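Participant: Predicted coordinates and the sequence they were generated for:
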Amino acid sequence: MKLLETSKDGGSESTVWAHWLYELKSFSSVVLLRFENGTREAFHSHAFNCASWVLRGKLEERHLDGRIEYHYPSWRPVITRRETFHQVCSFGRTWVISFRGPW
C-alpha cells in the first residue's frame, strides 16, 4: 500500500512520476501523474482500468493499430482499459489525475 508517496510510474525507464494519494491495488488508486517531455519506446498495457483527466499540458496516445489520439485538459475523462495497448508521449510537462480500479 502507498499513502502520500512519490515514485516513478511504469518502471525505471519511464518519464512519468506518480504522486500517490493512495494505492491499494486490490481496491483502487488515486494518483497525480507528472509526464515529462517525450516518451519511452515501449508500447504497454495496464493491469487495471482507469479514468483520467488531463489537468495541464498535451498527450499523444499511439495505438498498435496506428490510431493516434490527442488528449488536452477537458471535463471528459480519458478511459484506459486493461486491454488497451498503447504508447503515450507528452509535449512538455503534462499533469494528469488518474483514478485506477483494482488490479
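Facilitator: Arrived safely.
Participant: thought Val31 was touching Ser98?
Facilitator: Yes - in this structure, Val31 is within contact of Ser98 by CB atoms under 8 Å, at 5.2 Å. (Each C-beta comes from the backbone N, C-alpha and C, glycine too.)
Participant: With neighbour numbers in mind, choose between these two.
Facilitator: Shown here are Val31 and Ser98; by other CB atoms under 10 Å, Val31 has more neighbours (24 against 19).
Participant: Contact partners for that one?
Facilitator: Residues in contact with Val31 (CB atoms under 8 Å, 6 or more residues apart in numbering) are Asp9, Ala18, His19, Trp20, Leu21, Glu23, Ile97, Ser98, Arg100.
Participant: and those as a markdown table, adding distance to Glu83 and secondary structure?
Facilitator: Output for the contacts of Val31, formatted as a markdown table (distance: CB to CB, whole Å; DSSP: H, G, I helix; E, B strand; the rest coil):
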| residue | distance to Glu83 | secondary structure |
| --- | --- | --- |
| Asp9 | 19 | coil |
| Ala18 | 22 | strand |
| His19 | 27 | strand |
| Trp20 | 24 | strand |
| Leu21 | 26 | strand |
| Glu23 | 22 | strand |
| Ile97 | 22 | strand |
| Ser98 | 17 | strand |
| Arg100 | 15 | strand |
